[in-house]
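Q: Kindly return the folded structure for what I paste below:
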Amino acid sequence: MTAPTEQKKLTQQQAIAVERDLAKFANTMDSLVRIPFTKQGVGADAALSTIPFAGDIAGFVLTLYAFKKAREVGVPQHKLKGVVKLAIMDMLVGFVPIVGTLFDVFIRPSRKTLEIVHDHIREEYQVHSDIHVVHPFLHESLEQKQKTSAFWRNPIVSWIWLRIPDLLGITVLILLVVAVWAGFSYLWQFYQSFQTH
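A: Numbers count the residues shown, from 1 in each chain. Purely as a prediction, here's the structure:
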């Protein structure tokens with residue numbers, strides 16, 4: 001009797017690339033458009049569920065890609081049982097008009113699979129950074145740029161590139177605070193001049 005063949009372990013870079021692909025997929029499926037002031041998002045899965053039956057089945061079939069990626073990095077089958085059940089429930093509830101679409105916004109099997117994969121590669125591959133998951137498209141773009149130019153391999157340039165959304169967010173926040181402060185200052189001066197007349 002022959003022993004079952006053991007799955008070949010990936011390199012750390014290969015594991016990061018697989019997880020990054022899964023993060024891109026999960027963003028597209030579950031959080032392409034973020035609901036303001038929440039961590040919830042709406043993606044292709046919720047959009048597909050607006051098409052009765054066929055859309056929900058298509059969403060489930062697409063979600064199988066997330067499970068395939070999880071298996072590529074060696075996530076054991078037993079760790080995926082919960083999210084497989086969740087994906088099936090997501091499809092079945094999706095058959096109910098309106099309720100199914102709302103359900104899709106909050107029950108996100110691709111995102112849950114990504115969390116399981118992230119925990120797995122942290123333990124198995126000692127990958128402690130999560131920037132490739134937080135900004136997967138920027139991370140992939142940087143990796144391509146670094147192959148052809150030493151400029152992009154500069155740690156400071158890399159750091160700035162990967163944090164463009166965060167830096168833009170901080171800039172917008174600062175501008176908003178300045179605008180509110182300027183608006184209140186103007187109103188206060190207007191009120192003061194009104195009081196003196």
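
Q: what ranges do the strands span in the protein?
A: Listed in chain order, the strands of the chain (DSSP state E) span residues 33-34, 41-42.

Q: Now the last one: average pLDDT?
A: The average pLDDT for strand 41-42 rounds to 62.

Q: and R108, backbone torsions?
A: The phi/psi pair for R108 (degrees, to the nearest 10) reads phi -120, psi 90.

Q: Could you do F53 as well?
A: Backbone torsions for F53, taken as degrees, to the nearest 10, come to phi 60, psi -60.

Q: same deal with V75?
A: When read as degrees, to the nearest 10, the backbone of V75 gives phi -70, psi 130.

Q: so how many other residues sit close to it?
A: For V75, the neighbour count with other C-beta atoms under 10 Å is 20. Where you see a C-beta, it was placed from the backbone N, CA and C, and this is true even at glycine.

Q: likewise V134?
A: 14.

Q: Can you list the residue ranges for helices in the chain?
A: 12-30, 44-48, 54-72, 77-94, 99-106, 109-124, 131-134, 136-148, 155-162, 164-196 (DSSP state H).

Q: Buried deepest among these, which one?
A: helix 44-48 (a mean of 23; mean count of other C-beta atoms under 10 Å).

Q: so where is the chain shaky, pLDDT-wise?
A: Along the chain, the model assigns pLDDT under 70 to residues 1-8, 31-43, 46-47, 49, 101, 104-105, 197.

Q: ok, 80 please
A: 1-8, 29-56, 94, 96-108, 165, 169, 194-197 (pLDDT under 80).

Q: tell me the centre residue of it?
A: For the chain, N27 is the residue whose C-alpha lies nearest the centre (C-alpha atoms, centre = their mean; 4.1 Å).

Q: Check whether that one really touches L138, as I assumed.
A: No - in this structure, N27 is not within contact of L138 by C-beta atoms under 8 Å, at 11.7 Å.

Q: Once you drop chain neighbours, what's closest to S141?
A: Among residues not flanking S141 along the chain, W161 sits closest, at 8.0 Å (C-beta to C-beta, 6 or more residues apart in numbering).

Q: so who does the one you found touch?
A: L138, S141, L142, W152 (C-beta atoms under 8 Å, 6 or more residues apart in numbering).
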